[in-house]
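Visitor: with the input below, show me the fold.
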Amino acid sequence: MKYAVIIEKGASSYGAYVPDLPGCVAVGDTQDEVQDLIQSAIQLHLEGLRDDGLAIPQPSTVCTYMDVAV
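Guide: Just a heads-up that it's a prediction; the model follows:
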């Protein structure tokens, strides 16, 4: 499965979250670090859902970029 991951640059770090997995977040000093951390967070999140006998949400978020005139 492929989940959409949103990565945002903050003042001193990067944050990432998964819209289809509420509560699945990560923070890192670099974009590469936060990507590694969110990958691990997704795995742990899904394992936790399985362990609790909960359904694994299907990816449903659609990502796209829009060109706009500035």
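Visitor: what distance separates the host helix or strand of residue 32 from the centre of its chain?
Guide: For residue 32, the host element (DSSP states H and E) is helix 31-51. Computed by CA atoms, centre = their mean, to the nearest Å, the chain-centroid distance of helix 31-51 equals 8 Å.
Visitor: list the buried residues in that helix.
Guide: Going by neighbour count (16 or more other CB atoms under 10 Å), the buried part of helix 31-51 is 34, 37, 38, 41, 42, 45, 46. In short, each C-beta sits where N, CA and C put it, glycine included.
Visitor: before we move on, what about stretch 7-25?
Guide: By neighbour count, with 16+ other CB under 10 Å as the criterion, the buried positions of stretch 7-25 are 14, 16, 17, 18, 20, 21, 24, 25.
Visitor: tell me the two of those residues that are most distant?
Guide: Distance extremes for the buried residues of stretch 7-25: the farthest pair is 14 and 20 at 19.7 Å, using CB to CB.
Visitor: returning to what we had before: now the buried residues of stretch 7-25 as TSV including distance to residue 1 and pLDDT?
Guide: Supplementary listing: the buried residues of stretch 7-25 in TSV, determined by distance: CB to CB, whole Å; pLDDT from 0 to 100:
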residue	distance to residue 1	pLDDT
14	23	98
16	17	98
17	17	98
18	11	98
20	9	98
21	11	98
24	13	98
25	18	98
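Visitor: mark which of those are part of strands, please.
Guide: Among these, the residues falling in strands (DSSP state E) are 14, 16, 17, 25.
Visitor: quick check: beta-bridge partners of residue 17?
Guide: residue 6, residue 25 (DSSP bridges).
Visitor: residue contacts, it?
Guide: With contacts defined as CB atoms under 8 Å, 6 or more residues apart in numbering, the neighbours of residue 17 are 5, 6, 24, 25, 26, 38.
Visitor: can you redo those residues as CSV with distance to residue 67?
Guide: Formatted as CSV, the entries for the contacts of residue 17 read as follows, by distance: CB to CB, whole Å:
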residue, distance to residue 67
5, 22
6, 19
24, 30
25, 29
26, 29
38, 27
